[in-house]
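> need a 3D model of the following:
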Amino acid sequence: MSEARATHPVFPPGRYGWRRDGRRRLFAPIALAVVVAVAVGFLAVRLYGRYGDPDYNAQIVGWSDVTESRITVEFTVRVPPGGSATCGLRARNFDGAEVGRATVTVTAEGSARNIEARETVPTTARAAVGEVLRCAAAR
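Numbering: from 1, shown residues only. Got it, this is the predicted structure:
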(Lines give C-alpha, C1' and ligand atoms only; values in the text may rest on other atoms or scores of the structure.)
Protein backbone atom coordinates (compact mmCIF):
# COMPACT_ATOMS: atom_id res chain seq x y z
CA MET A 1 0.00 0.00 0.00
CA SER A 2 1.28 3.49 -0.82
CA GLU A 3 1.02 6.62 1.27
CA ALA A 4 -0.89 9.62 0.06
CA ARG A 5 0.44 12.99 1.11
CA ALA A 6 -1.97 15.82 1.75
CA THR A 7 -1.24 18.31 -1.00
CA HIS A 8 -3.34 20.93 -2.70
CA PRO A 9 -4.93 19.76 -5.91
CA VAL A 10 -3.51 21.16 -9.12
CA PHE A 11 -6.10 22.43 -11.58
CA PRO A 12 -5.52 23.41 -15.18
CA PRO A 13 -4.95 27.21 -15.40
CA GLY A 14 -7.94 29.33 -16.41
CA ARG A 15 -10.35 26.44 -16.15
CA TYR A 16 -12.14 26.87 -12.82
CA GLY A 17 -12.13 30.62 -12.24
CA TRP A 18 -10.02 32.74 -9.91
CA ARG A 19 -8.22 30.92 -7.10
CA ARG A 20 -6.65 32.40 -4.02
CA ASP A 21 -2.92 32.37 -4.04
CA GLY A 22 -2.61 32.65 -0.26
CA ARG A 23 -1.84 36.37 -0.12
CA ARG A 24 -4.25 38.56 1.80
CA ARG A 25 -5.84 41.45 -0.01
CA LEU A 26 -5.92 44.38 2.45
CA PHE A 27 -6.31 47.39 0.16
CA ALA A 28 -10.13 47.46 0.08
CA PRO A 29 -10.72 47.15 3.86
CA ILE A 30 -8.04 49.74 4.65
CA ALA A 31 -9.39 52.16 2.04
CA LEU A 32 -12.92 51.70 3.40
CA ALA A 33 -11.71 52.34 6.97
CA VAL A 34 -9.95 55.54 5.89
CA VAL A 35 -13.05 56.82 4.07
CA VAL A 36 -15.25 56.07 7.10
CA ALA A 37 -12.78 57.77 9.48
CA VAL A 38 -12.67 60.91 7.31
CA ALA A 39 -16.48 61.02 7.08
CA VAL A 40 -16.89 60.61 10.85
CA GLY A 41 -14.28 63.31 11.48
CA PHE A 42 -15.99 65.73 9.10
CA LEU A 43 -19.38 65.07 10.72
CA ALA A 44 -17.97 65.53 14.24
CA VAL A 45 -16.35 68.87 13.36
CA ARG A 46 -19.50 70.12 11.66
CA LEU A 47 -21.81 69.12 14.54
CA TYR A 48 -19.45 70.59 17.15
CA GLY A 49 -19.36 73.86 15.25
CA ARG A 50 -23.14 74.01 15.12
CA TYR A 51 -24.17 72.71 18.56
CA GLY A 52 -21.12 72.25 20.73
CA ASP A 53 -19.77 75.66 21.70
CA PRO A 54 -19.72 75.33 25.50
CA ASP A 55 -18.57 78.91 26.16
CA TYR A 56 -21.95 80.32 25.15
CA ASN A 57 -24.39 78.50 27.41
CA ALA A 58 -27.84 80.08 27.87
CA GLN A 59 -30.45 79.27 30.49
CA ILE A 60 -33.98 80.58 30.65
CA VAL A 61 -34.92 82.33 33.89
CA GLY A 62 -38.51 83.14 33.03
CA TRP A 63 -40.80 85.41 31.04
CA SER A 64 -43.05 88.29 31.88
CA ASP A 65 -45.02 91.14 30.33
CA VAL A 66 -47.10 88.79 28.20
CA THR A 67 -49.54 90.61 25.89
CA GLU A 68 -51.11 89.95 22.50
CA SER A 69 -48.16 91.64 20.77
CA ARG A 70 -45.08 90.81 22.89
CA ILE A 71 -43.42 88.73 25.58
CA THR A 72 -40.35 89.63 27.63
CA VAL A 73 -37.86 86.77 28.01
CA GLU A 74 -35.45 86.76 30.97
CA PHE A 75 -32.32 84.62 30.58
CA THR A 76 -28.67 84.28 31.57
CA VAL A 77 -25.78 83.57 29.23
CA ARG A 78 -22.32 82.32 30.15
CA VAL A 79 -19.69 83.87 27.88
CA PRO A 80 -15.89 84.16 27.86
CA PRO A 81 -14.68 87.04 30.12
CA GLY A 82 -15.90 90.33 28.67
CA GLY A 83 -17.47 88.62 25.63
CA SER A 84 -20.64 89.15 23.64
CA ALA A 85 -23.24 86.66 22.48
CA THR A 86 -25.91 86.67 19.80
CA CYS A 87 -28.96 84.75 20.99
CA GLY A 88 -32.04 83.54 19.16
CA LEU A 89 -35.28 83.93 21.13
CA ARG A 90 -38.63 82.35 20.30
CA ALA A 91 -42.18 82.75 21.59
CA ARG A 92 -44.73 79.93 21.33
CA ASN A 93 -48.44 79.75 22.07
CA PHE A 94 -50.27 77.08 24.12
CA ASP A 95 -50.45 74.75 21.10
CA GLY A 96 -46.68 74.94 20.60
CA ALA A 97 -46.83 76.99 17.41
CA GLU A 98 -44.23 79.70 16.99
CA VAL A 99 -45.79 83.17 17.28
CA GLY A 100 -42.63 85.29 17.48
CA ARG A 101 -38.88 85.23 16.98
CA ALA A 102 -36.05 87.69 17.64
CA THR A 103 -32.27 87.73 17.49
CA VAL A 104 -30.51 89.85 20.12
CA THR A 105 -26.90 90.61 21.04
CA VAL A 106 -25.92 90.82 24.70
CA THR A 107 -22.54 91.96 26.04
CA ALA A 108 -20.82 91.30 29.35
CA GLU A 109 -19.67 94.29 31.38
CA GLY A 110 -15.96 94.37 32.18
CA SER A 111 -14.55 90.89 32.75
CA ALA A 112 -17.86 89.31 33.77
CA ARG A 113 -18.61 85.80 32.54
CA ASN A 114 -22.37 85.76 33.14
CA ILE A 115 -24.87 88.08 31.49
CA GLU A 116 -28.37 88.53 32.88
CA ALA A 117 -30.58 89.77 30.08
CA ARG A 118 -34.20 90.80 29.57
CA GLU A 119 -35.33 91.10 25.96
CA THR A 120 -38.73 91.66 24.37
CA VAL A 121 -39.90 89.39 21.54
CA PRO A 122 -42.67 90.78 19.29
CA THR A 123 -45.47 88.27 18.69
CA THR A 124 -48.36 87.82 16.28
CA ALA A 125 -50.64 86.27 18.94
CA ARG A 126 -50.66 85.76 22.68
CA ALA A 127 -47.58 83.75 23.71
CA ALA A 128 -47.54 81.14 26.44
CA VAL A 129 -43.80 80.56 26.70
CA GLY A 130 -40.56 82.29 25.75
CA GLU A 131 -37.41 80.32 24.89
CA VAL A 132 -33.74 80.85 24.17
CA LEU A 133 -32.99 78.68 21.14
CA ARG A 134 -29.23 79.08 21.13
CA CYS A 135 -26.45 81.54 21.76
CA ALA A 136 -23.21 81.89 19.83
CA ALA A 137 -20.30 84.29 19.65
CA ALA A 138 -21.32 87.74 18.44
CA ARG A 139 -19.86 88.51 15.02
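> for the rest of this, base every contact and every neighbour count on C-alpha atoms.
Fine.
> strands of the chain, start to end?
Ranges of strands in the chain, per DSSP state E, are 57-64, 70-78, 84-92, 98-107, 114-122, 129-137.
> closest to residue 41 out of the ones you listed?
strand 129-137 (22.2 Å; Cα to Cα).
> strand partners of the closest one, parallel vs antiparallel please.
Applying DSSP bridges, strand 129-137 is found paired with strand 84-92 (antiparallel).
> what residues does the partner strand touch?
56, 71, 73, 77, 79, 98-108, 121, 123, 127-139 (Cα atoms under 8 Å, 6 or more residues apart in numbering).
> domain assignment for this structure?
25-54, 57-137 (automatic domain parsing).
> weakest of those by average pLDDT?
Note on those: lowest mean pLDDT is at domain 25-54, with a mean of 86.
> for the nearest residue to residue 139 once chain neighbours are set aside, give its distance to residue 99.
In space, residue 139 comes closest to residue 86 once its chain neighbours are excluded; the distance is 7.9 Å by Cα to Cα, 6 or more residues apart in numbering. Relative to residue 99, residue 86 is positioned 20 Å away (Cα to Cα, to the nearest Å).
> of the two, who's got more company?
residue 99 (21 against 18; other Cα atoms under 10 Å).
> for residue 34, which of the strands of the chain is the nearest?
Nearest of those (Cα to Cα): strand 129-137, 32.6 Å.
> who's residue 106 bridged to?
Legend: beta-bridge partners of residue 106 under DSSP bridges are residue 85.
> what's around it, how many residues?
Neighbours of residue 106 under the rule other Cα under 10 Å: 21.
> which residues does it contact?
By Cα under 8 Å, 6+ apart, the neighbours of residue 106 are 84-87, 115, 117.
> just residue 60 next, same as before
73-76, 131-132.
> ok, 7 Å please
Residues near residue 60 by Cα atoms under 7 Å, 6 or more residues apart in numbering: 74-76, 131-132.
> and which of those residues is nearest to residue 46?
Scanning the contacts of residue 60 for proximity to residue 46, where the rule is Cα to Cα, the winner is residue 132, at 21.8 Å.
> brilliant, that's me finished.
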